[in-house]
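**Student:** what's the 3D shape of this:
(chains A and B)
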Amino acid sequence: MNLSNLLKIALKALNNNKLRCFLTMLGIIIGVASVITMLAIGQGSKNSIKAQISEMGSNMIMIHPGNMQRGGVRQSADDMQTLEVADYEALQTLPGIAAISPSVNSGGQFVNGNNNYPSTVYGITPDYLDIRKLKVKDGAMFTDQDIKSAAKVCILGKTVVDNLFPGGEDPVGRVVRFGKIPLTVIGVLESKGTNSMGQDQDDVVLAPYTTVMKRVLAIDYIQGIFASAVNEDETEETIEAITEMLRTRHKLKEDADDDFQIRSQQELSEMMNSTSDMMTVLLACIAGISLLVGGIGIMNIMYVSVTERTREIGLRMSIGARGIDILSQFLIEAVIISVTGGVIGILVGVLASWLVTVIAHWPVYIQMYSVGLSFAVCTITGVFFGWYPAKKASNLDPIEAIRYE
Amino acid sequence: MSENKEIIRVEKLRREFIVGGEKVKALRGVSFTIREGEFVTIMGTSGSGKSTLLNLLGCLDTPTSGEYVLDGVSVQSMSKNQRAVTRNRKIGFVFQNYNLLPKTTSIENVELPLLYNSSVSAKERRERAVRALEAVGLQERLYHKSNQMSGGQQQRVAIARALVNDPVIILADEATGNLDTRTSFSILTLFQDLHARGRTIIFVTHNPELAEYSSRNIVLRDGKVVSDTCNPFPKSAREAYEALPKDND
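**Tutor:** Model prediction:
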């Protein structure tokens, strides 16, 4: 029995039963395609969350006042005045810190002629741009000199520009009013769009922190400090160094709680990752179940279709097919169906993932392992359950097989 | 006829089955010899052991004891695969219910045994299949599918399939059992023609009428041969066929 005859026999048998063949393949196609698509959606959203987090600023460390009590009454963070400009200046000297900026902010109405828009002015230093991954598109950033003199200048985010200058004129050099204070626009930020939390990252106005402290809020403390570590691995150590320095400066006793809070981007990204990990697990569960259901479907139809061909097997054996010939024929049929189904399943899965991006605008990312895994599981199931009943049938007595009803 | 080559020799053939813990003796010592060119009918009622005997003669089954020599080779000692090859090269089967592959053309059905014989090339396979179909009078229906043909035509395809490997013996199991009288006689005529051309045929049936058309008749009862008679002047199936009233409706 040579291989080309076997192939011929198997192909003829498949050709004679196109519908059965197609239905078997359908089980495999759906199994493979659903697993690939589900995992692609899961991985895609995970990747996009990751990208958005790193866009918000890498290695960022946020220091806020916190945990202060006055006569047993805990204070809200806004009222706390534990962080000072001096703290910021001291932290500048720490070796693990790449950039650092104090932060004070105030919400209010910005006015330009007939147009007004509510936004928030952030008082910061030029380092803030590095920390938050911001860029000045038009004009220039303010200088240290502006900070020293508490200059009445500001940088506008795109959303603020759109609302205050709806005509499209160049805002640089113009004067906008924030409350009663006139601020000269010296630059416009490059647009960053919304972040993963849905916040508009362009709805900001930047100004020297001294300007906001002295002219807007009239306070002598700062509301927070933003810093960035030299690299992600050193974030942890840098946080420890900051904690130590601030505790010393604030003269906290050994057993006293910190009067400030430090949060890092790393924590945030870990939190986000665990959320999206959970989603991936969920999707993998769904995919696993569809793989299982698909596998059982393949199993059933393969088993039934081979069993219903017992008489054919009997006939083939009576005219001289050996057990091995029968087994090879059914194995070839199962392999052809399973592999073709698997390949079509991969194509359908890729197509479906693509449609999800195009129609639903969900980010997808197809992972090689999901392709390999689903293909392997479906194909192996298909081949096994094509092989097993054929093995049984080829061991039958030809007489029994040919009389099988 | 006795000088002809020995095709089948069985001696004291016994076959026992265990059914539901009970031993059933289907054959209790059957002996006979069939020579080349004989047309033998094996008759018996159901339970006489004729199906069991046919399975043994067709190398589909092995006897519990006794000897079976087919074309000079002892089947007794053959492995399962060797028996499959023997079926492929030396035996042609014709079944009661035709057992053609569904949705498959006549020529592909006839080619089937040769597909399991790798020494036959594709070209030779096709030629032999065409010749076999011509021999059964189906040269006009080479590419008809099995489900587009009548019972008689399907049985002719099955006979062509049995002929295609040029077997030493054709084994027919109630080959006319599913057919009406008219078609039965036309199939029987075909068997007689094949016999006239030198084929050795064993025809298993429960219908005593058919014995009159064969050259030898073996009757089985309860697993034993009760009569073995030669029939030097078999009736012509063609005459019987032509004597039948034709369907005019």
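**Student:** ok, residue A:272 touching residue A:53?
**Tutor:** Yes: the criterion here is Cβ atoms under 8 Å, and residue A:272 meets it with residue A:53 at 5.9 Å. (Glycine included, C-beta is placed from N, CA and C.)
**Student:** which one of those two is surrounded by more residues?
**Tutor:** residue A:53 (21 against 17; other Cβ atoms under 10 Å in any protein chain shown).
**Student:** do stretch A:299-309 and chain B come into contact?
**Tutor:** No: Stretch A:299-309 is not in contact with chain B by Cβ under 8 Å from any Cβ of the partner chain; minimum separation 10.0 Å.
**Student:** same deal with stretch A:392-405?
**Tutor:** Yes: judged by Cβ under 8 Å from any Cβ, stretch A:392-405 comes into contact with chain B at A:397-399, A:402.
**Student:** PyMOL command to pick out the buried ones of those residues?
**Tutor:** Restricted to buried positions by 16 or more other Cβ atoms under 10 Å in any protein chain shown, the PyMOL selection for those reads:
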select buried, chain A and resi 398+399+402
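**Student:** mind checking which of the residues of stretch A:392-405 next to chain B land in helices?
**Tutor:** Among the residues of stretch A:392-405 next to chain B, the members falling in helices (DSSP state H) are A:398-399, A:402.
**Student:** return the member of these nearest to residue A:159.
**Tutor:** Nearest to residue A:159, judged by Cβ to Cβ, of those is residue A:402 at 80.9 Å.
**Student:** can you pull the contacts of the residue in chain B that chain A sits nearest to?
**Tutor:** Nearest residue of chain B to chain A, counting by Cβ to the nearest Cβ: residue B:88, 2.3 Å away. Counting by Cβ atoms under 8 Å, 6 or more residues apart in numbering or on different chains, residue B:88 makes contact with A:319-321, B:113, B:116-117, B:165.
**Student:** so which residue of chain A comes closest to chain B?
**Tutor:** Chain B sits closest to residue A:320 of chain A, with a gap of 2.3 Å, by Cβ to the nearest Cβ.
**Student:** let me know the helix or strand that the closest residue to residue A:100 other than its chain neighbours is in.
**Tutor:** Excluding the flanking residues, the one nearest residue A:100 by Cβ to Cβ, 6 or more residues apart in numbering or on different chains is residue A:227, at 4.2 Å. In the assignment (DSSP states H and E), residue A:227 maps to strand A:224-229.
**Student:** who's in contact with that strand?
**Tutor:** Under Cβ under 8 Å, 6+ apart, the answer for strand A:224-229 is A:57-65, A:83, A:87-88, A:91, A:96-104, A:124, A:128, A:130-132, A:235, A:238, A:242, A:264.
**Student:** check stretch B:221-237 too.
**Tutor:** B:25-32, B:39, B:44-45, B:47-49, B:52, B:185, B:188-189, B:191-192, B:211-220.
**Student:** for the stretch 101-250 of chain A, which spans come out with low pLDDT?
**Tutor:** For the stretch 101-250 of chain A, the stretches with pLDDT under 70 are A:195-197.
**Student:** same thing but 90
**Tutor:** Applying pLDDT under 90 to the stretch 101-250 of chain A picks out residues A:105-108, A:112-116, A:127-147, A:150, A:164-171, A:173, A:179-181, A:190-203, A:213-224, A:226-250.
**Student:** what about the helices in it?
**Tutor:** Under the criterion DSSP state H, counting those that start in this stretch, the stretch 101-250 of chain A contains helices at A:127-132, A:144-148, A:158-164, A:209-211, A:235-249.
**Student:** just chain B next, same as before
**Tutor:** Going by DSSP H, chain B shows helices at B:50-57, B:80-90, B:106-115, B:122-135, B:151-163, B:181-196, B:237-243.
**Student:** buried residues, the shortest one. List them.
**Tutor:** Within helix B:237-243, the residues that qualify as buried are B:237, B:240-241, counting by 16+ other Cβ under 10 Å.
**Student:** give me the beta-bridge partners of residue B:91?
**Tutor:** For residue B:91, the beta-bridge partners under DSSP bridges are residue B:169.
**Student:** thought residue B:166 was touching it, still the case?
**Tutor:** No: distance between residue B:91 and residue B:166: 11.0 Å, which falls outside the contact criterion (Cβ under 8 Å).
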